[in-house]
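> Got a sequence here, can you build the structure:
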Amino acid sequence: MQASEIEALFTRESGDFAFARWGRPIAPVVFGVDDETLGVVKGALEAVMVLSGHKMAETDPELGSNLMVFFFRDWEELPEVPGLDRLILDLRPLVARLKAAEANQYRVFHFDAEGAIKACFVFLRMDEHLSAVPAETLALSQIVRSVLLWSDAAFRGRSPLAVAGGKTILRPEISALIRAAYDPVMPTAAQDASHALRLAARVGQMQ
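A predicted model of the protein is given here:
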């Protein structure tokens, strides 16, 4: 990948460059699915963790679970989740905006003092579109979108996934970028676009 391509993936619509990866082990919990789908989501997370070299944990010492994935049918269900309003500021106004926009997914990130990701909340309203997506594809897509702080427009034109041999896989260049982002010598967060040059160099070495 060229540095300009990488820079675009972390440049928000506001024009600000913002990169962050997880700075602590990921302790996941999934709500609103059966055991079979739960296994699919955790399998996708384990696969991405193997790819990145990052760690998983049973619990997070501060939050208990720091990656929370919610599957539901209506945005109005969220304010009814006990304690969620303490984790997501202005939850009701957020729900109102998402409902008005007819959104079917949203992610909220929390960061530590160094700017690394310390928590991510993934909300999936299972409308007709998302319900038609195979569970494996949906799970892998959401985990990939949660493992780094991508731009709000990063995958609007092209999915991070591809189909090869009848199976859904992570696009090779995105896979290489995630590995590069989690290289131990790289910072956990960056606000300068020059970070894209460092990532491009790492991707080049891996390829």
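
> Only C-alpha atoms, please: export the lengthiest helix in the chain in PDB.
Counting by DSSP state H, the longest helix found in the chain is helix 35-52. Coordinates of each C-alpha in helix 35-52 appear next as PDB, following Å, rounded to 0.1, in the frame of the first residue of the first chain:
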ATOM      1  CA  ASP A  35     -24.500 -19.500  21.100                       C
ATOM      2  CA  GLU A  36     -23.800 -20.300  17.500                       C
ATOM      3  CA  THR A  37     -23.500 -16.600  16.500                       C
ATOM      4  CA  LEU A  38     -21.500 -15.900  19.600                       C
ATOM      5  CA  GLY A  39     -19.000 -18.500  18.500                       C
ATOM      6  CA  VAL A  40     -18.700 -16.900  15.100                       C
ATOM      7  CA  VAL A  41     -18.000 -13.500  16.500                       C
ATOM      8  CA  LYS A  42     -15.400 -14.800  19.000                       C
ATOM      9  CA  GLY A  43     -13.800 -16.800  16.200                       C
ATOM     10  CA  ALA A  44     -13.500 -13.700  14.000                       C
ATOM     11  CA  LEU A  45     -11.900 -11.900  17.000                       C
ATOM     12  CA  GLU A  46      -9.500 -14.700  17.600                       C
ATOM     13  CA  ALA A  47      -8.500 -14.800  14.000                       C
ATOM     14  CA  VAL A  48      -7.800 -11.000  13.900                       C
ATOM     15  CA  MET A  49      -5.800 -11.300  17.200                       C
ATOM     16  CA  VAL A  50      -3.600 -14.000  15.700                       C
ATOM     17  CA  LEU A  51      -3.100 -11.800  12.700                       C
ATOM     18  CA  SER A  52      -2.200  -8.700  14.700                       C
END
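
> and the helix or strand just after it with helix 35-52, angle?
Downstream of helix 35-52, the first helix or strand assigned by DSSP states H and E is strand 67-72. Per axes from the mean of the first three to the mean of the last three Cα atoms, to 10 degrees, the angle that strand 67-72 makes with helix 35-52 is 150 degrees.

> Touching, Met49 and Met56? I think so.
Yes: contact between Met49 and Met56 holds when scored by Cβ atoms under 8 Å: they sit 5.5 Å apart. Any C-beta I mention is one placed from the backbone N, CA and C, and that applies to glycine too.

> Among those two, which residue is more densely surrounded?
Met49 (18 against 14; other Cβ atoms under 10 Å).

> pLDDT score for the more buried one?
With respect to pLDDT, Met49 scores 97.

> quick one: it from Ile178, how far?
In this view, Met49 and Ile178 are 10 Å apart by Cβ to Cβ, to the nearest Å.

> circling back to that earlier point, shared neighbours of Met49 and Met56, anything?
Ile26 (Cβ atoms under 8 Å, 6 or more residues apart in numbering).

> check contacts around Arg73.
With the criterion set at Cβ under 8 Å, 6+ apart, Arg73 makes contact with 125-126.

> before we move on, what about Ser146?
Ser146 neighbours (Cβ under 8 Å, 6+ apart): 67, 107, 120, 122.
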